[in-house]
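Visitor: Give me coordinates for this.
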Amino acid sequence: MLSIALTGNPNTGKTSLFNMLTDSYEYVGNWAGVTIEKKVGVLNNKQGQLVDLPGIYSLSPLSRDEGVTTLYLLEESPSLLLNVVDASQLTRNLHLTVQLLEYGKPVVLALNMIDVAKNRGLEIDVELLAQKIGIPIIPVIARSGYGCDKLLQTAMNPLDSAHPSHPEPFDYGTILETAIAKLEERLPENVEPKRWLALQFFEGNIPVLQMLRQYIDPVWLQAFYSETEERIRAAFDGKKLPDFIRDQRAAIIDEWLQSAVRESKTAQITLSERIDAVVMNKYLGIPVFLAFMYFTFKLTFDWIGTPLSDLLDSLLNGPIRDSLNILLDKADAAAFIKALILDGIVGGVGGVLVFVPQIFMLFLIISFIEDSGYMARIATVMDKLLEGVGLNGKAFIPMIIGFGCNVPGIMAARTIEQPKERLLTILLTPLMSCSARLSVYSLFVGTFFKSNQALIVLSLYVLGVVVALLLAFIFSRTLEKEEESMFIVEMPPYRIPQWRSLSRSTWEKGKGFVRKAGTFIFGGSVVIWLLGYTGFQGWDVPMNESFLQTIGSIIAPIMAPLGFGNWQAGAALITGFLAKEVVVSTMGIIYAAPTQAGLEGAITHFFTPLQAYSFMAFILLYVPCLATVGVIRKETKSAKWTWFSVGYALIVAYIIAFIIYRGGLLLGFH
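Guide: Numbers count the residues shown, from 1 in each chain. From the prediction side, this is the model:
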């Protein structure tokens, strides 16, 4: 089967093109690092598969996601390389194109975002550029699908195009060409592509070096590299070998573009630059971001989300519950089964599902941030602040993704080049308030803070970020610094998100919540109900004599200094380790409150506003959920750091909740 590797710089539209060519859906965002591992899809014509590789600037990897591409090229043998290039950033993007051409496989170039290039006054002679490079070039607009059919047709038969893919090898000068030939001679016949491997070795590609050490004495390789670099330094004013190679490629690219591209109008201040003057202002940037988040929570809780949740609650606990009750009566169901379905399943799962509108509203706005281009701006604005605590602005991107779900947020840390900063980001991202916690906030702010719901929720999100920054400052000074911090992030133009992309992105994020409600929370609700239905005295015992009460009572005394030392809160916190949404399910079952209004009324007997805020802060910061712990283990490959992430979060949550509750009492709150 034909195998096509989709490659390109970050934010060139690779994933959008992947979706168009495979008629599938993968996560799309207008910021660098959307694809963090390779994804495989079947082409629309069913004649091959398309492999979407992470966006990279060079085949010499700096971060884990870049390493995915290099290892793929070393270990696999794709039939064709489909290189996606941003037509408005040709000079930068074509550096990767040169390296891909040297790989030796046929290359087809997808010239994406030609509409953006035209708006910027760039006129590209596609025919002349294809002739100069020696490969087929197809203009496309991946977001709308323009040119995608022709691109797929060309990729199927690249040798039949007007410019078949067989460019001449690039000349790097006598010194380097001699060294390349010498290294090629030492490689076994079955190792290919020899020239590409040699060039990547001289460029400092670590995975390639590790591969070459299997065939050539490492001591000889080191000495040969040093010898070649010394000759380059002597001949080119002390220039390092990788810098020399990049300069040679830059000269090749300049020659390509000199006659094929020209500017048809003088540069003008773009709309993106006008917006950036406000949102990236060193004084206004962070306040603008906070205002945007406040607007987000007003939409989520006051204007749209909560009214829709109320309608859904009335539907679930009205017609649906009544219909189930009638069906169970007609079926002459036993009291146990009836109670299990109505109180356990409907009460538990329904108690979580009522918050679906609010969670989807949050995901819609997060998708808007990603697709509009604002994500990269937030990272840039936060860079100075994060630099002071031992991170850089790129670390804030996984944290923002963590607002939706901590699992993809942690996985997005792969885009961070420095191992220490990547580890810190993985450890701190679980402190970001994910959508699962939103169901807990919705319950408590709707009960105790009706007039200030958006402000209270915003304060919790800010609290998570502030605690993460403080811990980053502490952790970064206890971990040995391995190398200088590097902040490189693609600054895409602002785009008005397409409704199709926005809705699909929102659904892809939100369906995980719905799926979890139908599986994980469903099963959890049944178990929790059974624990509340049974006890040491047997079946159908009062809740105060159940196993659930026994479990909750174990930790209740420990939580008393935080303001919620009752067994009901203790039981909810224990089950919340499985998934934060289960906290609400547990409370719904414990308080026997099938409706949201009933649950809100029940918790007023056990919490005051101050205790409620302390409880929400604890939920925000305490141990990550089971899925998050699993992905931390996978990404760090360390049981030590996984246990550390659980332990420190529990300690920090206890300290912060203690300060909030005891401080609030001292100030006269209750």
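Visitor: what sits up against the worst-scoring helix or strand of the chain on mean pLDDT?
Guide: Using mean pLDDT, DSSP states H and E, helix 347-353 stands out as the lowest-scoring helix or strand of the chain, at a mean of 75. With CB atoms under 8 Å, 6 or more residues apart in numbering as the test, helix 347-353 has contacts from 312-313, 316-317, 320-321, 439, 514, 517-518, 521-522, 524-526, 528-529, 581-582, 584-589, 592-594, 596, 599. Just so you know, the C-beta spots here come from the backbone N, C-alpha and C atoms, and that holds for glycine as well.
Visitor: which of the residues you listed count as buried?
Guide: Buried members of those, counted by 16 or more other CB atoms under 10 Å: 312-313, 316-317, 321, 439, 517, 521-522, 524-526, 528-529, 581-582, 584-589, 593-594, 596, 599.
Visitor: In the longest helix along the chain, which residues are buried?
Guide: Longest helix in the chain, counting residues (DSSP state H): helix 639-666. Residues of helix 639-666 classed as buried by neighbour count (16+ other CB under 10 Å): 642, 645-646, 648-649, 652-654, 656-658, 660-661, 664.
Visitor: Please apply the same query to stretch 374-393.
Guide: For stretch 374-393, by 16+ other CB under 10 Å, it's 374-383, 386, 389-393.
Visitor: and if you look at stretch 205-215?
Guide: Asn205, Pro207, Val208, Leu209, Met211, Leu212.
Visitor: contacting residues around Ala653?
Guide: Per CB under 8 Å, 6+ apart, neighbours of Ala653: Ala617, Phe618, Leu620, Leu621, Tyr622, Val623.
Visitor: my guess is the third one contacts Ala436, does it?
Guide: No: proximity of Leu620 to Ala436 does not meet the contact threshold set by CB atoms under 8 Å, at 11.0 Å.
Visitor: in the helix or strand containing Ile558, what's buried?
Guide: Using DSSP states H and E, Ile558 sits in helix 547-559. Neighbour counts over helix 547-559 (16+ other CB under 10 Å) mark Phe547, Leu548, Gln549, Ile551, Gly552, Ile555, Ala556, Met559 as buried.
Visitor: Put together CSV for those, with distance to Ala339 on each row.
Guide: As requested, these are exported to CSV (distance: CB to CB, whole Å):
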residue, distance to Ala339
Phe547, 16
Leu548, 15
Gln549, 17
Ile551, 20
Gly552, 20
Ile555, 27
Ala556, 26
Met559, 29
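Visitor: For those residues, work out which two are farthest apart.
Guide: Pairwise distances across the buried residues of helix 547-559 peak at 19.0 Å for Phe547 and Met559 (criterion: CB to CB).
Visitor: list the contacts for Ile275?
Guide: With CB under 8 Å, 6+ apart, Ile275 has these contacts: Tyr494.
Visitor: So which residues of the stretch 451-600 of the chain form helices?
Guide: 453-476, 499-518, 520-533, 547-559, 567-575, 582-590, 596-603 (DSSP state H, counting those that start in this stretch).
Visitor: between those, which gets the lowest average pLDDT?
Guide: Set side by side, those differ in mean pLDDT, and helix 499-518 is lowest with a mean of 78.
Visitor: who touches that helix?
Guide: 16, 25, 27-29, 143, 349, 352-353, 356, 359-360, 363-364, 366-368, 370-371, 404-405, 435-436, 579, 581.
Visitor: List the ones among those that fall in helices.
Guide: Checking the contacts of helix 499-518 against DSSP H, those in helices are 16, 349, 352-353, 356, 359-360, 363-364, 366-368, 370-371, 435-436.
Visitor: which one among those residues gets closest to Leu427?
Guide: For those, the nearest to Leu427 is Ala436 (18.9 Å; CB to CB).
Visitor: tell me the angle of the longest helix of the chain relative to helix 453-476?
Guide: 130 degrees (axes from the mean of the first three to the mean of the last three CA atoms, to 10 degrees).
Visitor: A helix includes Thr154, no?
Guide: Yes: Thr154: assigned to a helix according to DSSP: H, G, I helix; E, B strand; the rest coil.
Visitor: Next one: the residue lying closest to it once chain neighbours are set aside relative to Arg377, how far apart?
Guide: Spatial nearest neighbour of Thr154, chain neighbours left out: Pro136 (5.0 Å); criterion: CB to CB, 6 or more residues apart in numbering. When distance is defined by CB to CB, to the nearest Å, Pro136 is 35 Å away from Arg377.
Visitor: you'd agree Pro408 is up against Ile401?
Guide: Yes: here Pro408 lies in contact with Ile401, judged by CB under 8 Å, at a distance of 5.5 Å.
Visitor: that older thread, so of the ones in helices among the contacts of helix 499-518, which two are at opposite extremes in space?
Guide: Ser16 and Val349 (35.5 Å).
Visitor: For these two, indicate the residue with more neighbours.
Guide: Between Ser16 and Val349, counted using other CB atoms under 10 Å, the more crowded position is Ser16 (26 against 23).
Visitor: per-residue pLDDT, that one?
Guide: For Ser16, pLDDT reads 83.
Visitor: one step back: any chance of the helices of the stretch 451-600 of the chain in CSV, plus distance to Lys46?
Guide: Shown next, in CSV, are these (distance: least, CB to CB, whole Å):
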stretch, distance to Lys46
helix 453-476, 45
helix 499-518, 22
helix 520-533, 35
helix 547-559, 53
helix 567-575, 46
helix 582-590, 42
helix 596-603, 48
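Visitor: Pro106 is nearest to which of those helices?
Guide: helix 499-518 (30.4 Å).
Visitor: So Pro408 and Ile401 - more neighbours on which side?
Guide: Neighbour tally, Pro408 and Ile401, criterion other CB under 10 Å: the higher count belongs to Ile401, 30 against 17.
Visitor: Contact partners for the more buried one?
Guide: Taking CB under 8 Å, 6+ apart, one finds Ile366, Pro408, Gly409, Ala412 in contact with Ile401.
Visitor: If we only consider those, which is nearest to Leu257?
Guide: Using CB to CB, these come closest to Leu257 at Ala412, 33.0 Å.
Visitor: element containing the closest residue to the closest one other than its chain neighbours, please.
Guide: Among residues not flanking Ala412 along the chain, Pro398 sits closest, at 4.1 Å (CB to CB, 6+ apart). In the assignment (DSSP H and E), Pro398 maps to helix 396-402.
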